[in-house]
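> pasting the sequence and the predicted coordinates here, then a few questions.
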Amino acid sequence: MGEFSAQWLSLREPVDHAARNVQVREAMLADLRKRHGVQLSGLRVLDLGCGSGSNLRALAPLLGEAQHWTLVDYDRALLAAARQALTQWADQVMSEQTDSMRMMRGGIQIDVDFRVADLSGELDSLLSLPVDLVSASALFDLVSSRWVDGFCDVLRAPLYAVLSFDGQMQWEPRHKLDQAVTKAFCAHQVTDKGFGAALGPTSGQYLRNALEQRGFTVTIDKSPWEIEDLPSVFHDMLIDGVAKAVAEIGHLGLTDIDAWLASRRDARRCVIGHDDLYAASP
């Protein structure tokens with residue numbers, strides 16, 4: 001689950017899109033319409049930790065004409081993957097530059113800037129950009145409480161933050177080691193991911209509290225992955241990632257991890273919990 005390869009991001013994209021919470025999404029759209037009119041034309045979106053551009057592909061069809069997106073990631077390879085994926089997704093690529101492109105999708109013109117940036121040290125400059133919405137997917141469970149506090153201190157635009165892991169994992173049929181594996185995995189999730197000790201499963205509520213303390217109006221709800229089409233390449237990569245993290249944290253022996261991993265390859269259903277959040281700025 002912690003591997004950010006282009007293959008993993010591609011496999012998880014349809015699962016992510018299906019999991020997004022409808023009520024949180026509608027709260028976002030309703031607030032944006034109040035601010036910018038029902039047509040939502042000309043919106044500027046800053047997507048942090050963009051990966052291969054999944055957030056754009058999920059949100060752009062819901063927004064209006066003449067969108068402008070700034071996709072930010074530290075990994076140049078993922079930005080290249082985002083450009084390639086967007087090129088394939090677009091109905092037409094109208095123009096391309098080294099760090100930007102213009103495309104059409106479903107009658108909507110979308111301008112995209114690709115920006116390499118380190119979110120651990122460049123927040124102030126990124127959040128000073130004139131934008132109407134800041135978005136992020138599967139980011140806030142990786143960052144520290146200190147990072148979130150600094151982020152909220154300088155955030156001025158509304159925030160749409162989706163798919164933050166909430167600590168819940170369930171498989172059917174159950175296995176005697178499921179609870180121990182989940183506990184060990186959650187322990188791994190709060191280790192340093194490059195931003196200090198990560199919030200991990202507590203990220204959704206911590207972010208909510210930090211934003212509300214600064215005057216934002218927050219809508220938060222669950223957005224679980226519900227995976228039933230098993231076995232699959234996605235599920236195999238998921239459980240391999242969980243097992244790797246559990247081995248790294250050292251709470252379980254390799255014999256137990258191998259036994260759990262073998263049993264989960266035959267699982268019929270899997271549910272991984274997440275939080276979706278929308279914060280309307282004051």
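Happy to help now that I have it. Numbers count the residues shown, from 1 in each chain.
> ok, what's across the strand from the spatially most central residue of the chain?
The centroid of the chain falls nearest to residue 137 when counting by CA atoms, centre = their mean (1.6 Å). Going by DSSP bridges, residue 137 is paired in beta bridges with residue 162.
> what are the buried residues along the one helix or strand residue 211 maps to?
For residue 211, the element it lies in under DSSP states H and E is helix 203-213. Buried residues in helix 203-213, counting neighbours by 16 or more other CB atoms under 10 Å, are found at 203, 204, 206, 207, 208, 210, 211. The C-beta positions use only the backbone N, C-alpha and C, and glycine is treated the same way.
> any chance of these in TSV, with distance to residue 122 too?
Shown next, in TSV, are the buried residues of helix 203-213 (distance: CB to CB, whole Å):
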residue	distance to residue 122
203	20
204	24
206	22
207	19
208	24
210	20
211	21
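> farthest-apart pair in these, please.
The span of the buried residues of helix 203-213, defined through CB to CB, is set by 203 and 211 at 12.1 Å.
> those strands in the stretch 151-282 of the chain, which residues are they?
159-172, 217-222, 225-227, 269-280 (DSSP state E, counting those that start in this stretch).
> same check, this time on the stretch 1-150 of the chain
Using DSSP E, counting those that start in this stretch, strands in the stretch 1-150 of the chain cover 44-48, 67-73, 92-97, 100-105, 108-116, 133-137.
> so the third one versus strand 100-105, what angle?
Using axes from the mean of the first three to the mean of the last three CA atoms, to 10 degrees, the direction of strand 92-97 lies 180 degrees away from that of strand 100-105.
> what packs against the lowest-mean-pLDDT helix or strand in the chain?
When each helix and strand of the chain is scored by mean pLDDT, DSSP states H and E, helix 6-19 comes last, with a mean of 93. Contact here means 3 or more CB pairs under 8 Å, 6 or more residues apart in numbering; DSSP states H and E; on that basis helix 6-19 packs against helix 54-59, helix 76-89, strand 159-172, strand 225-227, helix 233-249.
> let's see it at 10 Å
helix 54-59, helix 76-89, strand 133-137, strand 159-172, strand 225-227, helix 233-249, strand 269-280 (3 or more CB pairs under 10 Å, 6 or more residues apart in numbering; DSSP states H and E).
> for these, which one sits closest to residue 15?
strand 225-227 (5.2 Å).
> show me the shaky parts of this structure.
Low-confidence segments of the chain, defined by pLDDT under 70: 1-4.
> which residues sit in contact with residue 20?
By CB atoms under 10 Å, 6 or more residues apart in numbering, the contact set of residue 20 is 58, 59, 137, 160, 162, 163, 223, 274, 276.
> go on, residue 263?
Taking CB under 10 Å, 6+ apart, we find residue 263 in contact with 171, 173, 174, 175, 176, 177, 178, 239.
> nearest spatial neighbour of the fourth one, skipping sequence neighbours?
What that stands for is residue 175. residue 263 (4.7 Å; CB to CB, 6 or more residues apart in numbering).
> now do residue 93 against residue 258, distance only.
47 Å (CB to CB, to the nearest Å).
> if you could redo that for residue 274, that was the one I meant.
As judged by CB to CB, residue 274 and residue 258 stand 27 Å apart.
> okay, those two: which has more neighbours?
residue 274 (25 against 13; other CB atoms under 10 Å).
> right, and that one touches residue 19 too?
Yes. Using CB atoms under 10 Å, residue 274 is in contact with residue 19, at 6.4 Å.
> which neighbours do the two have in common?
What both residue 274 and residue 19 touch, as defined by CB under 10 Å, 6+ apart, is the set 162, 163, 222, 223, 224, 225.
> which ones are touching residue 157?
Counted by CB under 10 Å, 6+ apart, residue 157 has contacts 35, 44-46, 127, 129-135, 279-281.
> out of these, who's nearest residue 218?
Looking at those and their distance to residue 218, the nearest is residue 279, at 4.8 Å (CB to CB).
> number of residues surrounding the closest one?
28.
> ok, it touching residue 28?
Yes. Taking contacts as CB under 10 Å, residue 279 lies within contact range of residue 28: 9.3 Å.
> got the buried residues for stretch 218-236?
Neighbour-count burial for stretch 218-236, counted by 16+ other CB under 10 Å, picks out 218, 219, 220, 223, 224, 225, 227, 230, 234, 235.
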